[in-house]
Structure formats: C-alpha cells, structure tokens
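Q: Test case, fold it:
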Amino acid sequence: MSTKHPKPAVHAKRPKPARRKPRADAQRNRERVLEVSKQAFTRYGASASLDDIAKEAGVGAGTLYRHFPTRDALIEAVYRTEVEKLAAAEGKFAESLPPLEALRAWMKLFVDYVEAKHIIAPALNTYAGGASKLYETSKTQISGAINALVKRAIQSGDIRKDLEPFDLLRALIGVASVASSPDWPQSAKRLVDILIAGSRPTTQN
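A: Predicted structure coming up:
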C-alpha cells in the first residue's frame, strides 16, 4: 500500500514592490529646483510662487516640499549651494591648474558668486534665521578656499609672501558694492588680472 504525500501548497506570487527612483534622479530633481528657485528669486524676490517653481523645475509640489519644507529652507539652500560650488572649485582648480592660474580662475568664479549673492539678497534678507548667520558660515568656507590657493601660489614663488589672502576678495567686493552699471562683473573680472599682477613678487636689483 503506497503512501500518498500531500502536494506542497502553492503560494500566490507576491507582486514585486515598486522600484524606487535612483538616488541620482532625486539629486537631479533637487539641483533643478535650486537652479529654478535662484532664477525665480532673482525675478520676483522672496515672494516667488513655490508652486510655479516646482512646475518650472518639472517636479510635483510634493517633491519640492519634501526637499524644502518651508520657504526659508529653500532660500537657505539656494544660497548655501552657491557657497558650496565656490568652495568645491578650490580643489578642482588646484588639481587641474598651476597655482597662479588656479588662484586667478577661482577669483573670477568668486565674482560670479558675489553677483548671485547680490541678486538673491532681497530674498535672503527675509530669511527668518537672519541672513547674517548664513554669511558667517559662508565666510569660513570662502576664507579656507582663498587661503589654500594663496598658500600654494606663495610656495610656488608666484605670489609674494606678505600677501593677505582676504585683501584680494575685499577689492572685488568693493567693486561690487559701488557697482553702478549691469556690466560690473566684467570690470571685476578684469580687476582680478590687475590684482594678480600686483601680487607678484617684486624684483630687487
């Protein structure tokens, strides 16, 4: 007499969970929102419509608020992103350019940063935490970058040893603060070459 073995139970196949978007995709969305936000704050100030920003960036309002739950969070992120780009450029230029040219390239990028800061200044001034707190943090990052670039240029003999790094930036900020025409960034970038030339070691006879 044969013994029948019960057939194994057949379990219904579970549906595969929905695939999550790659992290890179989420990062691209965030970067796109920040770029569109900077443009919107430039045109309309701090009152720019967040829903319009989301639409222009090609994301849903929920996606925008997930990354930036408040208007202040978005304003802060726009500014911090500009500072981070500037700080990160120090390492990139140092790796790819000779010391003096790395300093020159970074200073010209600094002019772009100052221009962006001026553009979104009205929005930054509405920041509840106080724009000064943001500026304090950015000054530390920017000082670190210019100090490192000038140090390399001094070590290579391209810049005189008594140069105070932040004096270079003060000169560019000064041009921006008295700007009376929209082409001041071009004038400031020409000033970079003059500042670099004036910072070269003096030849003693």
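
Q: For the protein, which segments count as helices?
A: 23-44, 50-57, 61-67, 71-96, 99-119, 121-124, 131-155, 165-177, 184-198 (DSSP state H).

Q: ok, for the most centrally placed residue in the chain, nearest residue in space, not its chain neighbours?
A: By Cα atoms, centre = their mean, the mean C-alpha position of the chain lies nearest to residue 82, the distance being 2.4 Å. Leaving aside its sequence neighbours, residue 82 sits nearest to residue 116 (Cβ to Cβ, 6 or more residues apart in numbering; 5.0 Å). From N, CA and C alone the C-beta is placed, and that goes for glycine too.

Q: ditto for residue 196
A: Across the structure, with Cβ to Cβ, 6+ apart as the measure, the residue nearest residue 196 apart from its sequence neighbours is residue 104 (5.4 Å).

Q: Distance-wise, check that neighbour relative to residue 117.
A: 21 Å (Cβ to Cβ, to the nearest Å).

Q: which of the residues in the lowest-mean-pLDDT helix or strand in the chain are buried?
A: When the helices and strands of the chain are compared on mean pLDDT, DSSP states H and E, helix 121-124 comes out lowest with a mean of 80. Neighbour-count burial for helix 121-124, counted by 16 or more other Cβ atoms under 10 Å, picks out 123, 124.

Q: So which residues make contact with it?
A: With contacts defined as Cβ atoms under 8 Å, 6 or more residues apart in numbering, helix 121-124 is touched by 41, 45, 46, 48, 75, 78, 79, 117, 131, 134.
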